[in-house]
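**Student:** quick one: sequence plus predicted model below, questions after.
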Amino acid sequence: LSASTTLTITVGDVNEFAPQFDPFATYEFDVLENTAAGTLVGLVSASDQDGSSAYNSITFALHLSHPSLAGFSVLSNGSIEVSDELDRETTPTVTLAIQATDGYLTTLHNVTITLLDINDNAPVFTTVEQAVDVREHQPVGLVVVQVPATDVDTAPNAMLVYSIVA
């Protein structure tokens, strides 16, 4: 005697793969230092090889070691936004550690943001006041005084132009 039946075996998915950022992507963004809060700077993305949607739904965040670093925030969809006032003279480049997680496994990737200069700093004279006596009948082109100044902006915003106003 014998009997037969149909048996269906379902193999369940396990979360065996962490999210992966594109290995060929270089996440480098430029933003003007006067960019308003809420402005989108860039977007990161990652993929997950797990078959089940329970294990391949990815969210993004700043890594815990960089809470709200240097004026940027990361939304759960991978958008990087300006979150605070930026200043290139204080922080010209920011490296953010961004984490991608599927709820269980996490991967980190660095993002570099370069702040671009605007002309937001006035030149500063290194000497506040100078008095110079010049004898009459001196040749044209004679250097009678040097008035050094500096500007913390970068070129071309740091280019200094002198003029005599009185």
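**Tutor:** Looks like it came in fine.
**Student:** what about Val140, how many neighbours?
**Tutor:** Using other CB atoms under 10 Å, Val140 is surrounded by 4 other residues. Placement of C-beta: from N, CA and C, glycine included.
**Student:** residue ranges with poor pLDDT in the chain?
**Tutor:** 64-70 (pLDDT under 70).
**Student:** helices of that one, start to end?
**Tutor:** Secondary structure of the chain (DSSP state H): no helices present.
**Student:** need the single longest strand in it, by residues.
**Tutor:** In the chain, assigned by DSSP state E, the strand with the most residues is strand 106-116.
**Student:** which elements pack onto that strand?
**Tutor:** Counting contacts by 3 or more CB pairs under 8 Å, 6 or more residues apart in numbering; DSSP states H and E, strand 106-116 is packed against strand 20-21, strand 28-32, strand 40-43, strand 93-101.
**Student:** ends of stretch 84-93, what's the gap?
**Tutor:** 15 Å (CA to CA, to the nearest Å).
**Student:** okay, buried residues for it please.
**Tutor:** Leu86, Arg88 (16 or more other CB atoms under 10 Å).
**Student:** run through who's touching it.
**Tutor:** 31, 33-35, 37, 68, 70-72, 112-118, 121, 152-154 (CB atoms under 8 Å, 6 or more residues apart in numbering).
**Student:** can you tell me which residues contact the most centrally placed residue in the chain?
**Tutor:** Centroid-nearest residue in the chain, with CA atoms, centre = their mean: Ile113, separated by 2.2 Å. Ile113 sits next to Glu28, Phe29, Asp30, Val31, Val41, Gly42, Phe72, Ile80, Thr93, Val94, Thr95, Leu96 when contact means CB under 8 Å, 6+ apart.
**Student:** nearest spatial neighbour of Val44, skipping sequence neighbours?
**Tutor:** Nearest non-adjacent residue to Val44, counting by CB to CB, 6 or more residues apart in numbering: Gly78, 4.4 Å away.
**Student:** neighbours around the one you found, how many?
**Tutor:** Applying other CB under 10 Å, we find 19 residues neighbouring Gly78.
**Student:** what about it, distance to Gly38?
**Tutor:** 16 Å (CB to CB, to the nearest Å).
**Student:** with His137 instead?
**Tutor:** His137 is 64 Å from Gly38, where distance means CB to CB.
**Student:** those two - which one has more neighbours?
**Tutor:** The residue with more neighbours, out of His137 and Gly38, is Gly38; 9 against 5, by other CB under 10 Å.
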